[in-house]
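*Asks:* take a look and give me a structure for this.
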Amino acid sequence: MSFNQSVFDKTSLKTESVYIEEAETGWDDIINKLAGHPLQLSNWGSLKSQSLWTNKKLLVKTADNKILAAVSVLTRKLPFNLGKISHIPRGPVFSENILKNIIVYNLIFDKILQWIKKNIKPIGLICEPAYLAEDFKFLIEADSLIGLEADSEIINQIKNSLIQKMFLSTSPILFNKTLIINLEQSEDQMLSNLNRKNRNHLRSAKKKGVKVKIAQTQNDIKDVLKIYKEVAKRSGFSLHKDEYFYNAFQLGIGPLYIAYLNADSGKQEPLAFLWLAASKFQAFELWGGANSQGQINYANNLIKWFAICDMKKSQKIIYDMNGLLNQGISNFKKSFEKREDILVPSHTISFSLRYKLYIFVYKVYKIFKNVFNIIKG
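*Replies:* Take a look at the predicted model:
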């Protein structure tokens, strides 16, 4: 598509015709209308704001008040007075007609970067879009500008834009290699996509009496944290404070599933949990795990299948398993649908030389932390 074929004419991209404002009301309605990711919703921004982050919700609009894009930007202060770092989790979110034209998209995205640089003033920004890499070219590379069907003024505008300074992140926050299940399939079709071993494990879990429920009260969080702390200790990673998860539940981040086994005493024994973030059309796995009894009873298999089916019943279209990490986790997730999806990789832009210093300090910190863990372990 050439630039002139876009729904926008040449003048519509001038500064006076496209502007950015902070959203005041109706944010979630806008994100859902644009089929945005759950991590762009207000409840995720609110949760992060209760820890180390602040949150800005930005709208890109035309002079006649049409919304072109929306983006939730998280920002936190760095230690040692290095400044601030910003993060765009699974965003920005663009209107469909913007996504059809890479030239317009890049110019709009550049306006977002310009606003963040001027108004938030971070030393750097990490951006992790929610679009599939095969379907969406994230940035126009400078050496490909000659092939664009646009006039010299537009090409020069892109050449001098901040987007040309973006590079692949060396320390991404989210993983772009994931597995996304299409929930528009029938349940029978999704079941047939499971490998034979997984289907056997599902039957075995049901025979052993494993049941799954959706958490209804904050009392359920106690069971979740008990499981999660065991998983964290076993796998060697740290967790947020308990309050963080209670806040997540109170904010309604998404459904929380808990698998139980009825003990001989009649008491329900928690085995596994799976916590999702959910928007109108998408479900995204946030946290989950199984204790030792949960692993023996294949609670992880049953709870994930239950969540997938429940999100289908809730009329979600996409179920994202949030990252194919190591071989064990990847194999488990691929037992539900054997393939992988590649999202647009994490990109970074440096707004200050202090960003390089931050990267150096962070690398040194990671080295010392790993050495400490080895000595401690």
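*Asks:* got a list of what the residue positioned nearest the centre of the chain touches?
*Replies:* By CA atoms, centre = their mean, the chain has its centre lying nearest to residue 90, at 4.6 Å. Residue 90 makes contact with 36-40, 128-130, 174, 284, according to CB atoms under 8 Å, 6 or more residues apart in numbering. For every residue, glycine as well, the C-beta is placed using N, CA and C.
*Asks:* contacts only, for residue 195.
*Replies:* Residue 195 neighbours (CB under 8 Å, 6+ apart): 335, 338.
*Asks:* next secondary structure after the helix or strand where residue 111 lies?
*Replies:* Residue 111 is located in helix 102-115, with elements delineated by DSSP states H and E. Later in the chain than helix 102-115, the nearest helix or strand by DSSP H and E is strand 124-128.
*Asks:* parallel or antiparallel, which strands does that next one pair with?
*Replies:* Neighbouring strands of strand 124-128 in its sheet, by DSSP bridges, are strand 84-89 (parallel), strand 347-350 (antiparallel).
*Asks:* got the CA positions of it in CSV?
*Replies:* The C-alpha trace of strand 124-128 is given here as CSV (Å, rounded to 0.1, in the frame of the first residue of the first chain):
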residue,chain,number,x,y,z
GLY,A,124,15.8,4.6,27.9
LEU,A,125,12.7,2.8,26.8
ILE,A,126,11.9,-0.9,26.3
CYS,A,127,9.1,-1.6,23.9
GLU,A,128,7.6,-5.1,23.5
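*Asks:* confirm that residue 250 sits in a strand.
*Replies:* No - assigned with DSSP: H, G, I helix; E, B strand; the rest coil, residue 250 falls outside any strand and is helix.
*Asks:* what's the spacing between the closest residue to it other than its chain neighbours and residue 315?
*Replies:* Spatially, and ignoring its direct neighbours in sequence, residue 250 is nearest to residue 218 (7.4 Å; CB to CB, 6 or more residues apart in numbering). Separation of residue 218 from residue 315 (CB to CB, to the nearest Å) stands at 27 Å.
*Asks:* one more: residue 124?
*Replies:* In terms of CB to CB, residue 124 sits 38 Å off from residue 315.
*Asks:* again with residue 274
*Replies:* Residue 274 is 19 Å from residue 315, where distance means CB to CB.
*Asks:* what's the answer for residue 85, then?
*Replies:* Residue 85 sits at a distance of 36 Å from residue 315 (criterion: CB to CB).
*Asks:* could you do residue 215 as well?
*Replies:* 21 Å.
*Asks:* more neighbours: which of those two?
*Replies:* More crowded of residue 215 and residue 315, by other CB atoms under 10 Å: residue 215, with 17 against 10.
*Asks:* beta-bridge partners for the nearest residue to that one once chain neighbours are set aside, please?
*Replies:* Excluding the flanking residues, the one nearest residue 215 by CB to CB, 6+ apart is residue 256, at 4.0 Å. For residue 256, the beta-bridge partners under DSSP bridges are residue 275.
*Asks:* now do the same end-to-end measure for stretch 182-195.
*Replies:* With CA to CA, to the nearest Å as the measure, stretch 182-195 spans 17 Å from end to end.
*Asks:* cool, stretch 175-191 as well?
*Replies:* Note: stretch 175-191 ends 26 Å apart using CA to CA.
*Asks:* what do you get for stretch 165-173?
*Replies:* Start-to-end, stretch 165-173 (CA to CA) is 20 Å.
*Asks:* before we move on, what about stretch 150-167?
*Replies:* 24 Å.
*Asks:* can you tell me the element residue 185 falls in?
*Replies:* Using DSSP H and E, residue 185 is not contained in any helix or strand.
*Asks:* what angle separates the helix holding residue 111 from strand 124-128?
*Replies:* Taking axes from the mean of the first three to the mean of the last three CA atoms, to 10 degrees, one finds that helix 102-115 is oriented at 140 degrees with respect to strand 124-128.
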